[in-house]
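1. Sharing a model that was predicted from the sequence below.
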Amino acid sequence: MSDVSKVRISGLLLVPLAWLIMTMLTSALMVAMYLSVLLTPTMRAAIFSHTHAFTLQWSISLLTSLIVWGYSLWVTWIFCQRSRRLPRHYIIWLLVTVVLAMKSFAFSPVSDDAALHALLLSLLAAAFFVPYFKRSERVKNTFIES
């Protein structure tokens with residue numbers, strides 16, 4: 001089927017696209033924050049003067065942020081391409097965001113209110129968009145070829 005006959009991305013599909021872009025930008029900011037530590041000699045010395053466990057946790061957090069940013073960027077790309085792979089990968093992406101929000105709620109040194117807020121937003125998005133992407137005719141008609 002040609003691109004001309006595909007249904008345009010509009011209506012309710014703009015909401016999951018906006019959620020995806022917002023998460024992609026947030027993870028890009030997190031990567032920038034982690035990398036900014038390496039640019040300042042005093043901060044770099046502080047990070048690497050701590051215990052090996054602390055440096056390992058910092059490195060894992062940086063790697064996780066990079067992976068989330070990269071996957072979000074790729075899912076955004078296939079969303080805009082209206083790829084038939086999108087519904088499955090969008091659902092996986094939503095579930096990854098829920099798992100990361102649960103991890104931050106359980107293990108991160110952020111306030112419980114902020115972690116709970118992030119967790120509830122991720123759960124709400126997954127609870128709404130997973131069934132929508134699985135059952136919606138609009139999704140099936142938009143993401144069909146490619």
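-> In hand now; what should we look at? Numbers count the residues shown, from 1 in each chain.
2. quick one: contacts of the least confident helix or strand in the chain by mean pLDDT?
-> Lowest by mean pLDDT, DSSP states H and E among the helices and strands of the chain is helix 41-49, with a mean of 82. Applying Cβ atoms under 8 Å, 6 or more residues apart in numbering, the contact partners of helix 41-49 are S36, V37, L38, F54, T55, W58. Just so you know, the C-beta spots here come from the backbone N, C-alpha and C atoms, and that holds for glycine as well.
3. Could you pull out the buried residues of that helix?
-> Using 16 or more other Cβ atoms under 10 Å as the test for burial, helix 41-49 gives I47.
4. quick one, the longest helix seen in the chain and helix 41-49 angle?
-> Ranked by residue count under DSSP state H, the longest helix found in the chain is helix 52-80. Taking axes from the mean of the first three to the mean of the last three Cα atoms, to 10 degrees, one finds helix 52-80 and helix 41-49 inclined to each other by 110 degrees.
5. if we can go back for a sec, need the CA coordinates for the least confident helix or strand of the chain. PDB is fine.
-> Output of helix 41-49 as PDB, limited to C-alpha atoms (Å, rounded to 0.1, in the frame of the first residue of the first chain):
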ATOM      1  CA  PRO A  41      37.000  18.700  36.500                       C
ATOM      2  CA  THR A  42      35.900  19.100  40.100                       C
ATOM      3  CA  MET A  43      32.600  17.200  39.500                       C
ATOM      4  CA  ARG A  44      34.400  14.500  37.600                       C
ATOM      5  CA  ALA A  45      36.900  14.100  40.400                       C
ATOM      6  CA  ALA A  46      34.000  13.900  42.900                       C
ATOM      7  CA  ILE A  47      32.200  11.200  40.900                       C
ATOM      8  CA  PHE A  48      35.300   9.000  40.500                       C
ATOM      9  CA  SER A  49      36.700   9.600  44.000                       C
END
